[in-house]
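Peer 1: I would like the atomic coordinates for the input below:
(one chain, ligands or ions: 2)
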Amino acid sequence: MSSKFIAPTMAGLVLPHEEVSQGIDMNRDDPPKEFFVKESAFGAVDSSPPLIPIPVIDLSMLSTETELEKLRSALSTWGCFQAIGHGISSSFLDKVREMAKDFFLLPMEEKENCFREAYNNEGFGSDVVLSKGQVFDWCNRLFLMVFPENQRKVNFWPENPKDFGETLIEYTMNIRSVRDVVFKATAKSLNLEEDMFLKHFGEKSTMRIRVNFYPPCPRTDKVLGLKPHSDRSGVTVLLQDKEVEGLQVFKDNQWSRVPIIPHALIVNLGDQMEIMTNGVMKSPVHRVTTNAEHMRGSVAVLIEPDIEEEIGPVEGLVNEERPKMYKTVKNYGHFNYTCFQKGIVPIDAVKL
Ligand SMILES: O=C(O)CCC(=O)C(=O)O
Ligand SMILES: [Fe+2]
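Peer 2: Ligands and ions are numbered 1, 2, ... in the order given. Here you go, the predicted structure:
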């Protein structure tokens, strides 16, 4: 029914939707007002708040009590950390970064083959338009299901760069091993059975990839690369740009810039892990600022439970002192999407 949309671009950015982009003077230097952030509980756009480093965890040391305790503390305060000792080579991480950049730098005619449909987020494009007055992100993304294999929509997969698909699959398989290590250690740090989270995520746990691309933006004071949000996933593993900063995490009522550690992967808990841990561990609110001179890229792998699995606080984390704080939900991804359409914060809607 809905056909692929062809939107004009501004400063190398595909604009969200024909309806939005119509009437915009493409020769102006300023981004359209639809990109200007509004006042919110998360304060103004500030691209240089304090650089308070998020914790660094060595995944190869998680067999020690000290590192396990650091993990528990990181996830119950920040909800995220920089993972080192993950076993993926720096050269392979660089290859993934290059592959993402090469795709975005292709001429628009080549990227058109991957354009998403108007109301579906799989494929390449800008924000899906969900409501009137929506503020748009200064970001284009390529969003693809990688696992389970039978759910891949290969018609959206780039044919160029040539080894895109192969690299993407290899990278996601590497991240699956990172997931297993993190889930087992997280369970252990909470005195739960080691396979607790892996079992709940199920055999058909999904892994989607979101390749984010932020072109330079002339109004860094008004426009965000990505608005404040917490991830809907169970856990997100993020490969940051090696040179251009932009990610910020909201903690204790203030934003902190996340420093670049070139070889690290950022592990970020999503809402579904906050629910499963009965709020012991956090799904942090984060955002991305823009940069006036440089483009920035990032590659996020979003790991979610099988949509048939019911997700709720796990046994062992609900007791008299800590009663059940979240409802049990199925297909949180869909629930999250409908909340956004109604302007509701998804995680708040499942709190008891
Ligand atoms: O680009 C980044 O650093 C963050 C991306 C992100 O938060 C997301 O894709 O959900
Ligand atoms: Fe995110």
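Peer 1: phi, psi of residue 99?
Peer 2: Backbone geometry at residue 99, expressed as degrees, to the nearest 10, gives phi -60, psi -40.
Peer 1: count the neighbours of it for me.
Peer 2: By other C-beta atoms under 10 Å, 21 other residues sit near residue 99. Every C-beta, even on glycine, is put in place using the N, C-alpha and C of the backbone.
Peer 1: I'd guessed it sits against residue 158; true?
Peer 2: No - using C-beta atoms under 8 Å as the test, residue 99 is too far from residue 158 to be in contact (9.0 Å).
Peer 1: assign the residue in the stretch 251-352 of the chain that ligand 1 sits nearest to to helix, strand or coil.
Peer 2: Ligand 1 sits closest to residue 298 of the stretch 251-352 of the chain, with a gap of 3.3 Å, by C-beta to the nearest ligand atom. Here residue 298 is recorded as strand under DSSP: H, G, I helix; E, B strand; the rest coil.
Peer 1: wait, it sits on residue 209?
Peer 2: No - the pair residue 298 / residue 209 is not scored as a contact, 11.1 Å apart, by C-beta under 8 Å.
Peer 1: if we can go back for a sec, need the residues touching each of residue 99 and residue 158.
Peer 2: Residues touching both residue 99 and residue 158 (C-beta atoms under 8 Å, 6 or more residues apart in numbering) are residue 164.
Peer 1: re earlier: in contact with the residue of the stretch 251-352 of the chain closest to ligand 1, which residues?
Peer 2: Residue 298 is in contact with 211-212, 238-241, 247, 288, counting by C-beta under 8 Å, 6+ apart.
Peer 1: what is the longest helix seen in the chain packed up against?
Peer 2: If each helix of the chain is counted by residues according to DSSP state H, the longest one is helix 164-189. Identification of packing neighbours for helix 164-189 by 3 or more C-beta pairs under 8 Å, 6 or more residues apart in numbering; DSSP states H and E yields helix 65-77, helix 90-104, strand 140-147, helix 196-201, strand 206-214, strand 235-239, strand 265-269, strand 296-304.
Peer 1: tell me the bridge partners for the residue positioned nearest the centre of the chain.
Peer 2: Central residue check for the chain by C-alpha atoms, centre = their mean: the C-alpha nearest the mean position is that of residue 300, 5.2 Å away. Bridge pairing for residue 300 (DSSP bridges) gives the partners residue 210, residue 238.
Peer 1: ok, back up a step: how about CSV for the helices and strands packed on helix 164-189, with distance to residue 341 and mean pLDDT added?
Peer 2: Below are the helices and strands packed on helix 164-189 laid out as CSV (distance: least, C-beta to C-beta, whole Å; pLDDT from 0 to 100):
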stretch, distance to residue 341, mean pLDDT
helix 65-77, 30, 97
helix 90-104, 28, 96
strand 140-147, 18, 95
helix 196-201, 26, 94
strand 206-214, 19, 96
strand 235-239, 22, 98
strand 265-269, 24, 98
strand 296-304, 19, 97
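Peer 1: give me the next element, helix or strand, following the helix or strand of the chain with the lowest mean pLDDT.
Peer 2: One helix or strand of the chain scores below all others by mean pLDDT, DSSP states H and E: helix 18-21, with a mean of 53. Tracing the chain C-terminally past helix 18-21 and defining elements by DSSP states H and E, one meets strand 56-58 next.
Peer 1: next up, the contacts around residue 290.
Peer 2: 47, 138, 214, 216-217, 219-220, 223-225, 246.
Peer 1: just the pLDDT for it.
Peer 2: Per-residue confidence (pLDDT) for residue 290: 94.
Peer 1: re the thing from before, which one of the contacts of residue 298 is nearest residue 311?
Peer 2: Set against residue 311, the nearest of the contacts of residue 298 by C-beta to C-beta is residue 238 (21.8 Å).
Peer 1: residue 265 is in contact with the closest one, correct?
Peer 2: Yes - in this structure, residue 238 is within contact of residue 265 by C-beta under 8 Å, at 6.7 Å.
Peer 1: ok, the residue nearest to residue 236 when sequence neighbours are not counted - contacts?
Peer 2: Closest residue in space to residue 236, ignoring its immediate chain neighbours: residue 268 at 4.5 Å, by C-beta to C-beta, 6 or more residues apart in numbering. Contacts for residue 268 (C-beta under 8 Å, 6+ apart) come out as 79-80, 231, 235-238, 284, 286.
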